[in-house]
Every structure is written in structure tokens, then in C-alpha cells.
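**Q** The following comprises the amino acid sequence and a computationally predicted model.
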Amino acid sequence: MEMKDEDSSSSSKSIIRNKGVKHLCETGIANVPNRYIFPAPQRNNEEDQVVSNLSGLNLKLPIIDFAELQGPNRLQVLDSLAKACENYGFFQVINHGISNDTIGNMIDVSRRFFQQPMEERSKFMTTDVRAPVRYGTSFNQSTDSIFCWRDFLKLVCHSMEDSLPHWPTSPSDFRDSICEYAKENKFLFLKIMEAITESLGIVLKTTRNDNDDIINDFVTKEFENGSHVMVINCYPSCPQPKLTLGMPPHSDYGFLTVLLQDEVEGLQIQHEGQWITVEPIPNSFVVNVGDHLEIFSNGRYKSVLHRAIVNSKKSRTSVASLHSMPFINMVRPSPELINEKNPRRYLDTDFATFLDFLSSSELKEKNFLDSRKC
Ligand SMILES: O=C(O)CCC(=O)C(=O)O
Ligand SMILES: [Fe+2]
């Protein structure tokens, strides 16, 4: 698409000059600028909306009751979990044990971060996708030809002692609230990963720790020091929401993404050829299978395309926590899931390969995973 505004050249100087969509809205605009307009077939068109509203009840995401998972009905819940990962690639988790206060603070401090003046937010702007903290707009502003209606703050949450000193200190409670949330989110991820490996029928070796709790050796070894990247998404209200997208269709790169969304609808997942809006359930999490879990499960669990739409009335905040193995590890199909009937379907991959792919190519649906197919 040809872009005529002042930020239109692709030199790195102009990339940094793009202050994002929140700033654009603060300058007061009545129309969506050209560079945010998606081709008609890629937009959120009316017909899709009608379909999803009519059949809304049948299309509710599977709900996993985390408290039930820890109780006597574990096997039944594992079965629902397996079906959700096979058929939807998504589920919602309730009764997860993370307090409403921790969740409320996380959303609140995220909103307050984005409400600060541009000078405060822009301190964290960088085009370096490996930075411990990165403020940016669209998906990858260095490579996107069409920009999406989203600003974000990305925080590296593993190796906290190295990244924390780079994190924002304003709002003053930012670091504390996010550290608390990140710690609890990680614990929940580990518990869900234990259930996922069990649901895949992978033989579990367990031991007991000093408190006599049963420890899943595989999950502890591979994920306790794994990668954890948090992305706080800010989607301002948009004067012409049908022309653009908050985030274009994509799949997530890790094992699981644990997503917190506020009360404003916007997340859509692709299911049986249609875009379904995920109805926010207060204080719940939306969890989705990422590319690494699709690879690990040798294709049994699906990393499904999803996108975010925007609206003209309310801005929306979401917090995506992307979890995987340590960046240096190789991700490969589990040997226990490969046999004569079910041969290996994916090549081994590592995070460096993904980052190189990310820096060099535009977000085009599932093409990273496609590039790892045997
Ligand atoms: O904002 C949302 O609901 C989706 C966010 C998302 O897909 C992501 O951050 O990867
Ligand atoms: Fe995503």
C-alpha cells in the first residue's frame, strides 16, 4: 500500500518517529489514515458478525475449571482439555487461584501506563525485538506494510534480575504489580502444562519436593526456567473500526499464551472457517495453544489463528503472557508421540530461528509454523 503521510518512508528514523495509534488518537482524528486500512476481505465484515451472533451459544469457548482439575474429577477435565486443544486450540480457565486483586491491579496499572504523556511512554521505544522492554505500535513497525490499531509494551519476565532494572518506574507501582502478576501467571502456566502433558498421554516421571508435593519432572525441567514474555496491548477506540484491525490474524510462537482481557470484546478466533468473538468472562484467562505446543504434540494440538478487532466506543486492554522453554532449547515433537502411524511432522526449531524470521518478514498468518513442517 502506498503511504503518503510523513512517516511513510521505511528508514529507521521514520520508524522511531511513528508514535503509535494512541498518540494519533490524542491528536484528534476523524478518519482512519490510509496506512491503517486493511484490504476489504481482511477486515471485520458485517456478515461474519451476524453469523457469530446468531450461533453465539454453540460457539462458546470450552471452559476449564482449574479447581476441578486439581480434584477427583481430574481425568474428566483432562479429557475436556484435550478436546479443547484439538478442536479449538483455545479454552478459558476459571477458578484458577489468581486473586481478583492481582488481576485488577494488572489491568489498572496497564491502563495507567498508557495514559501517561507520550514522553514517558516513548522512553521505551526501540526497534530491537530482543530488548528487555519495548514500546511499539502495530505488530512489527519495521516490516508491516499496513499498520494495525494497537500499541504495546513488551516485557521480558524471565531472567528478571537482568530485565527488571530496565522496566518503567512510572507509574510508581508498575514494577511491583507486574512482578506479582508475572509470578502467579507463571505458576498457573506450569500447572496447566502439567495437565497438558498428562492429557497427551506422555509418561510422567514424578518426584516429591521438600513439602511432599508431587513434582512433574518433565515440566519442572523444561519450563521452570523457561521463557516468559508479557505483552500489554492497548487498542484505543477507533473512529472507523471496520476499516482496520487491532491485530491481524496470527498464531502465537510459544507453548501456551495465558491472556487476560478486560471487559471489552475484541479477541476473535478462527473456528471452522469463521471468526468467533471470545466473550470476556470477568477474572478468567483465555489460554491458547502456541506453535511450539503444536510442534511438541506433533500436530495433535492446534495453534489456531486469532486476531483482535476494535470498536468506536471503548478502548481495550489485554495482557498476553507467552510461555515456552528457555530460548536456547530446541523444540521438537515429543518422541512419545511419534510412531509408524504418526510420523514426525515438524522440524526441530529454536527461538533464534523464530526471531530471525520475525525480524525479516511481515506477520503473515501461520507462516512460521508452515516453515517448520517436514
Ligand atoms: O488482545 C487480544 O485479545 C489478543 C492479543 C494477542 O493475540 C497477542 O498478544 O498475541
Ligand atoms: Fe496472539
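**A** In hand now; what should we look at? Numbering: from 1, shown residues only. Ligands and ions are numbered 1, 2, ... in the order given.

**Q** Please make it C-alpha for all contacts and neighbour counts, starting now.
**A** Will do.

**Q** Show me the helices in the stretch 251-374 of the chain, by range?
**A** Assigned by DSSP state H, counting those that start in this stretch, the stretch 251-374 of the chain shows helices spanning 291-296, 351-360, 367-371.

**Q** what does the longest one contact?
**A** In other words, helix 351-360. Residues outside helix 351-360 that contact it (CA atoms under 8 Å, 6 or more residues apart in numbering): Val129, Asn140, Thr143, Tyr253, Phe327, Ile328, Asn329, Met330, Phe368.

**Q** Equivalent analysis for the first one, please.
**A** Applying CA under 8 Å, 6+ apart, the external contacts of helix 291-296 come out as 251-256, 300-303, 324, 331-334, 345-346, 369.

**Q** Can I get it in PDB, CA atoms only?
**A** Output of helix 291-296 as PDB, limited to C-alpha atoms (Å, rounded to 0.1, in the frame of the first residue of the first chain):
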ATOM      1  CA  ASP A 291       3.200 -23.000  17.700                       C
ATOM      2  CA  HIS A 292       5.700 -24.800  20.000                       C
ATOM      3  CA  LEU A 293       3.000 -26.900  21.500                       C
ATOM      4  CA  GLU A 294       1.600 -27.800  18.100                       C
ATOM      5  CA  ILE A 295       5.100 -29.000  17.200                       C
ATOM      6  CA  PHE A 296       5.700 -30.800  20.600                       C
END
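
**Q** That helix near ligand 1 at all?
**A** No: Helix 291-296 lies out of reach of ligand 1 by CA under 6 Å from any ligand atom, never closer than 11.8 Å.

**Q** list the contacts for the residue lying closest to Arg111 once chain neighbours are set aside?
**A** Leaving aside its sequence neighbours, Arg111 sits nearest to Thr317 (CA to CA, 6 or more residues apart in numbering; 7.0 Å). Neighbour list for Thr317: Ile107, Ser110, Arg111, Ile232, Asn233, Cys234, Tyr235, Gln261, Asp262, Val264 [criterion: CA under 8 Å, 6+ apart].

**Q** Repeat that for Asn31.
**A** Asn31 makes contact with Pro239, Gln240, according to CA under 8 Å, 6+ apart.

**Q** Check Phe124 too.
**A** Val133, Arg134, Tyr135.

**Q** Those: which ones sit near ligand 1?
**A** Okay, of the contacts of Phe124, nothing touches ligand 1 (CA under 6 Å from any ligand atom).

**Q** I'd like these as JSON lines, with neighbour count appended.
**A** Putting those into JSON lines (neighbours: other CA atoms under 10 Å) gives the following:
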{"residue": "Val133", "neighbour count": "25"}
{"residue": "Arg134", "neighbour count": "24"}
{"residue": "Tyr135", "neighbour count": "21"}
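
**Q** In strands, which of these fall?
**A** The strands, defined by DSSP state E, take in Val133, Arg134, Tyr135 from the contacts of Phe124.

**Q** so where do the strands sit in the stretch 251-374 of the chain?
**A** With DSSP state E, counting those that start in this stretch applied, the stretch 251-374 of the chain shows strands at 256-261, 267-271, 274-277, 285-289, 306-308, 316-323, listed in chain order.

**Q** actually the stretch 1-150 of the chain, sorry about that
**A** For the stretch 1-150 of the chain, the strands defined by DSSP E, counting those that start in this stretch cover 63-65, 90-94, 133-137.

**Q** need those strands in CSV with distance to Asp151, can you?
**A** Converted to CSV, those look like this (distance: least, CA to CA, whole Å):
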stretch, distance to Asp151
strand 63-65, 29
strand 90-94, 24
strand 133-137, 4
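
**Q** Tell me which of the helices of the stretch 251-374 of the chain sits most buried.
**A** Among the helices of the stretch 251-374 of the chain, ranked by average contacts under mean count of other CA atoms under 10 Å, first place goes to helix 291-296 (a mean of 27).

**Q** same question for that helix, mean pLDDT?
**A** For helix 291-296, the mean per-residue pLDDT is 95.

**Q** In the chain, what residue comes closest to ligand 1?
**A** The minimum distance from the chain to ligand 1, using CA to the nearest ligand atom, falls at Leu267 (4.0 Å).

**Q** If I look at the closest residue to that residue other than its chain neighbours, what pLDDT would I see?
**A** For Leu267, ignoring the flanking residues on the chain, the nearest one in space by CA to CA, 6+ apart is Ala308 at 4.6 Å. Looking at Ala308, its pLDDT reads 97.

**Q** One more: Ser55?
**A** 45.

**Q** now swap in Val229 and tell me
**A** Val229 is given a pLDDT of 96.

**Q** OK, contacts around it?
**A** With CA under 8 Å, 6+ apart, Val229 has these contacts: Lys154, Leu155, Val156, Cys157, His158, Ser321, Leu322, His323.

**Q** Is it correct that it falls within a strand?
**A** Yes: under DSSP: H, G, I helix; E, B strand; the rest coil, Val229 falls within a strand.

**Q** beta partners of it?
**A** Val156, Leu322 (DSSP bridges).

**Q** Check the gap between it and Asn216 for me.
**A** Val229 is 23 Å from Asn216, where distance means CA to CA, to the nearest Å.

**Q** try Phe139
**A** Distance, Phe139 to Asn216, by CA to CA: 36 Å.

**Q** for Phe124, same thing?
**A** In terms of CA to CA, Phe124 sits 38 Å off from Asn216.

**Q** now Arg345
**A** Counting by CA to CA, the gap from Arg345 to Asn216 is 26 Å.

**Q** Same check on Pro39?
**A** 48 Å.

**Q** Could you do Tyr235 as well?
**A** Tyr235 sits 38 Å away from Asn216, going by CA to CA.

**Q** try Asp348
**A** 24 Å.

**Q** related to what we said a few turns ago, among the contacts of Thr317, which one lies nearest to Leu200?
**A** Gln261 (27.9 Å; CA to CA).

**Q** Mind listing the residues bridging to the closest one?
**A** In this entry, Gln261 is beta-bridged to Ser318, by DSSP bridges.
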